[in-house]
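Novice: please find the sequence and the predicted model below.
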Amino acid sequence: MATRKIAIVVGSLRQDSFSRKVAKAMMNMAPGKLEMEIVEIRDLPIYNEDDDTASPPQAFTAFRDRIRAADGVLFVTPEYNRSVPGALKNAIDVGSRPYGKAAWTGKPCAIVSQSPGALGGFGANHHLRQMLPFLNMPAMPAPEAYLGGIASKFEGDALADESLRGFLQTFVDSFGAWVERHAG
């Protein structure tokens, strides 16, 4: 079985965010067949179709190239106002253009949402899930990952909740199988 490159897109820009902590924990759990790396979205200018000329912003090109090079995409995001953060939506827009040449096309993906609240980012998870068919991204249907009460699951940067660790390991293993089944 080939090693699969996974682009992790973290929806929060905050350096010490729970989303980033979850992403890093999952990177450490990844089986040897998954090579996971965070693809940063913080330096992407706000998408403007006027910028998509013969020479788009270098940040657009670099981001699109990194997504194209991946075999799969893992979205790890908080919920902002029952939706995804604006920076994540912007990254999705950047990767979806120019029309007909989207970097996302055909990339198997999965979503992990989290929140200090009880719903675990349910709104963000499902709002993002609504975008994926248009992007032609096969989304892993199960297990679903809504991580509620995330603030109590870490001690510093270390995942301290063993139940969550077990769940995330199952999720990462399932995602590896999903990518293997759907990667081009």
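Specialist: Now that the structure is in, tell me what you want to look at.
Novice: elements contacting the helix ranked longest in the chain?
Specialist: Assignment by DSSP state H gives helix 162-182 as the longest helix of the chain. Where contact means 3 or more CB pairs under 8 Å, 6 or more residues apart in numbering; DSSP states H and E, helix 162-182 is packed against strand 4-10, helix 18-29, strand 34-38, strand 72-78, strand 109-114, strand 145-147. Every residue, glycine included, has its C-beta placed from N, CA and C.
Novice: dump the C-alpha coordinates for that helix into CSV.
Specialist: These are the backbone C-alpha positions of helix 162-182, laid out as CSV (Å, rounded to 0.1, in the frame of the first residue of the first chain):
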residue,chain,number,x,y,z
GLU,A,162,-8.1,8.8,26.7
SER,A,163,-11.6,8.4,25.4
LEU,A,164,-11.1,11.1,22.8
ARG,A,165,-7.7,9.6,21.9
GLY,A,166,-9.4,6.3,21.2
PHE,A,167,-12.1,7.9,19.1
LEU,A,168,-9.6,10.0,17.1
GLN,A,169,-7.5,6.9,16.4
THR,A,170,-10.6,5.1,15.0
PHE,A,171,-11.3,8.2,13.0
VAL,A,172,-7.8,8.5,11.5
ASP,A,173,-7.7,4.7,10.7
SER,A,174,-11.1,5.0,9.0
PHE,A,175,-9.9,8.1,7.1
GLY,A,176,-6.8,6.2,5.9
ALA,A,177,-9.1,3.4,4.5
TRP,A,178,-11.4,6.1,2.9
VAL,A,179,-8.4,7.8,1.2
GLU,A,180,-7.1,4.5,0.0
ARG,A,181,-10.4,3.6,-1.5
HIS,A,182,-11.0,6.9,-3.2
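Novice: residues of that helix that come out buried?
Specialist: Using 16 or more other CB atoms under 10 Å as the test for burial, helix 162-182 gives Leu164, Leu168, Phe171, Val172, Ser174, Phe175, Gly176, Trp178, Val179, Glu180, His182.
Novice: would you mind listing the residues in contact with the closest residue to Asn125 other than its chain neighbours?
Specialist: Spatial nearest neighbour of Asn125, chain neighbours left out: Ser113 (3.9 Å); criterion: CB to CB, 6 or more residues apart in numbering. With contacts defined as CB atoms under 8 Å, 6 or more residues apart in numbering, Ser113 is in contact with 76-79, 120-122, 124-125, 128, 145-147.
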